[in-house]
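K.L.:
Coordinates for the following, if possible.
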Amino acid sequence: MPLAEYIDEAMRLLEDEPEEGEILVERVKFLRYGEVRGDQKQVIATLNGDHAAEAA
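P.N.:
Reported below is the predicted structural model:
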């Protein structure tokens with residue numbers, strides 16, 4: 001995610017929901033809620049790509 005897009009979205013979230021305890025840009029929600037959905041290991045493996053296989 002380009003930094004300017006991240007900043008724009010984060011600032012918009014802070015302005016719209018200043019009382020929120022956690023600010024999550026849309027692109028990280030798949031990772032944040034992976035455990036709840038039950039696919040956290042798969043999400044992390046996808047993010048790590050070949051690096052996960054090398055570490056095993």
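K.L.:
which SS state does residue 5 fall under?
P.N.:
helix (DSSP: H, G, I helix; E, B strand; the rest coil).
K.L.:
Distance of it relative to residue 26?
P.N.:
Residue 5 sits 10 Å away from residue 26, going by C-beta to C-beta, to the nearest Å. C-beta: built from backbone N, CA, C; applies to glycine.
K.L.:
next one: residue 12
P.N.:
Taking C-beta to C-beta, one finds residue 12 at 11 Å from residue 26.
K.L.:
what about these two, which has more around it?
P.N.:
A direct count of neighbours by other C-beta atoms under 10 Å for residue 12 and residue 26 places residue 12 higher, at 12 against 9.
K.L.:
Quick one: find the helix or strand in this protein with the lowest mean pLDDT.
P.N.:
helix 50-55 (a mean of 60; mean pLDDT, DSSP states H and E).
K.L.:
tell me the phi and psi of the residue positioned nearest the centre of the chain?
P.N.:
With distances taken as C-alpha atoms, centre = their mean, residue 28 lies nearest the centre of the chain, 1.7 Å away. Phi and psi for residue 28, reported as degrees, to the nearest 10, are phi -100, psi 0.
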